[in-house]
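[1] dropping a prediction and its sequence here:
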Amino acid sequence: MPGSQLGADVYFSTKARACVLAAPAAADQAARLRHLHATLLLLEGVPVHVVANRLGDSDPAVTLRVYAHVLRESAAGVADSFARAASTKGC
């Protein structure tokens, strides 16, 4: 559903639910889909509290503990990003 974030969310949610329910091991598939969803959002720089909310976690600290390895891995390029930003701003 291009052009509408809400539409995309509903579409993804509906399609994902259908795929998970059709899988033989639905619980395992649901957990994998949830983990993939959270991991991709965090790698894209979505704040932890937003990801926690989407996952239904009541406390972002839980999400942070579970996905800390993703955040550590994505932090590796932060210094390079800062250097690029500083050089393009004339610093």
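    The structure has been received and is ready for your questions. Predicted model, so just to flag it, every value in this text is computed and none were measured. Residues are numbered from 1 along each chain as shown.
[2] which of the helices or strands spans Ser74?
    helix 68-74 (DSSP states H and E).
[3] just checking, what packs against that helix?
    Secondary-structure packing of helix 68-74 (3 or more Cβ pairs under 8 Å, 6 or more residues apart in numbering; DSSP states H and E): helix 26-43. In this view, the C-beta of every residue, glycine as well, is placed from N, C-alpha and C.
[4] C-terminal to the helix it packs on, what's the next element?
    Past helix 26-43, the next helix or strand by DSSP H and E is helix 48-55.
[5] average model confidence for that next one?
    Average pLDDT, helix 48-55: 94.
[6] who's in contact with it?
    Residues outside helix 48-55 that contact it (Cβ atoms under 8 Å, 6 or more residues apart in numbering): 34, 37-38, 41-42, 59-60, 62-64, 67, 71.
[7] tell me the buried residues in stretch 81-91?
    If you call a residue buried by 16 or more other Cβ atoms under 10 Å, then stretch 81-91 has no buried ones at all.
[8] may I have that stretch as CSV, with CA atoms only?
    This file holds the C-alpha atoms of stretch 81-91, laid out as CSV (Å, rounded to 0.1, in the frame of the first residue of the first chain):
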residue,chain,number,x,y,z
SER,A,81,28.8,9.0,10.1
PHE,A,82,29.8,11.8,12.4
ALA,A,83,33.0,12.5,10.4
ARG,A,84,31.0,12.7,7.1
ALA,A,85,28.4,15.0,8.6
ALA,A,86,31.1,17.3,10.1
SER,A,87,33.0,17.5,6.9
THR,A,88,29.9,18.4,4.8
LYS,A,89,29.0,21.1,7.3
GLY,A,90,32.4,22.7,7.1
CYS,A,91,33.5,21.8,10.6
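[9] remind me which residues of the protein are low pLDDT?
    Scanning the chain with the threshold set as pLDDT under 70 gives 1-26, 90-91.
[10] any idea how far Arg84 is from Leu41?
    Distance from Leu41 to Arg84, counting by Cβ to Cβ, to the nearest Å: 23 Å.
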